[in-house]
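Undergrad: just coords:
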Ligand SMILES: [Zn+2]
């Protein structure tokens with residue numbers, strides 16, 4: 001092995017989540033032998049052999065993860081997904097359910113298997129309100145946010 005380089009060669013272990021630098025594909029490390037790292041690319045089988053230099057390890061947690069300590073101590077923790085701290089807003093116009101407002105939670109979310117991060121929107125309430133939960137891309141979130149601002153401007157201009 002060439003140890004003259006200043007940077008330490010990344011070490012990979014079976015189960016690590018990695019990104020293939022050239023193609024931006026993501027996958028999970030399977031077997032490692034003879035300098036070849038077999039990666040099971042998401043959605044594609046069988047595995048493909050790569051050299052360590054072709055791969056970049058993906059951090060266990062998303063940068064925004066609010067559960068980094070739990071995930072570091074217990075990588076296979078029940079809910080292994082990464083969540084940011086939620087931003088919550090109580091909706092006071094309507095409809096209250098069982099006397100309680102509907103709450104709108106917005107946060108960043110990444111599935112445990114390290115796919116793309118998305119924005120998570122959830123409506124919830126106590127009582128019998130049937131909540132709604134959906135995931136949108138960062139771009140969709142920006143467009144919706146811009147639409148909300150435009151609509152808010154219209155409402156305030158009508159006063
Ligand atoms: Zn995490």
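TA: Happy to help now that I have it. It should be emphasised that the depicted structure is a prediction, and the values quoted were computed from it without experimental measurement.

Undergrad: helix or strand right after the worst-scoring helix or strand of the chain on mean pLDDT?
TA: Across the helices and strands of the chain, the lowest-confidence element by mean pLDDT, DSSP states H and E is helix 68-73, at a mean of 84. Once the chain leaves helix 68-73, the next helix or strand it forms, by DSSP states H and E, is strand 82-83.

Undergrad: what does that next one contact?
TA: 61-62, 64-67, 71, 107-110, 112, 117, 120 (CB atoms under 8 Å, 6 or more residues apart in numbering). (Glycine included, C-beta is placed from N, CA and C.)

Undergrad: switch to 6 Å and redo it
TA: For strand 82-83, contacts defined as CB atoms under 6 Å, 6 or more residues apart in numbering pick out 61-62, 65-66, 107, 109-110.

Undergrad: Contacting the ion as well, which ones from the residues you listed?
TA: Counting by CB under 5 Å from the ion, 61, 65 from the contacts of strand 82-83 sit close to the ion.

Undergrad: What is the burial count for residue 91?
TA: When neighbours are counted by other CB atoms under 10 Å, residue 91 registers 13.

Undergrad: Let me know whether it touches residue 102 as I believe.
TA: Yes. Contact criterion CB atoms under 6 Å: residue 91 and residue 102 qualify, at 4.8 Å.

Undergrad: Now tell me what touches stretch 12-19 from outside.
TA: 26, 29, 37, 55-58, 114.

Undergrad: filter those down to the ones near the ion?
TA: With CB under 5 Å from the ion as the criterion, no member of these is in contact with the ion.

Undergrad: Give me the subset of the residues you listed lying in strands.
TA: Among these, DSSP state E puts 26, 29, 37, 55-57 in strands.

Undergrad: Now, of the residues you listed, which are buried?
TA: 26, 29, 37, 55 (16 or more other CB atoms under 10 Å).

Undergrad: So residue 139, which state does it fall into?
TA: Recorded secondary structure, residue 139: helix (DSSP: H, G, I helix; E, B strand; the rest coil).

Undergrad: Likewise for residue 144?
TA: Look at residue 144: counting by three-state DSSP, its state is helix.

Undergrad: That one and the ion: what is the separation?
TA: Applying CB to the ion, to the nearest Å, the value for residue 144 to the ion is 25 Å.
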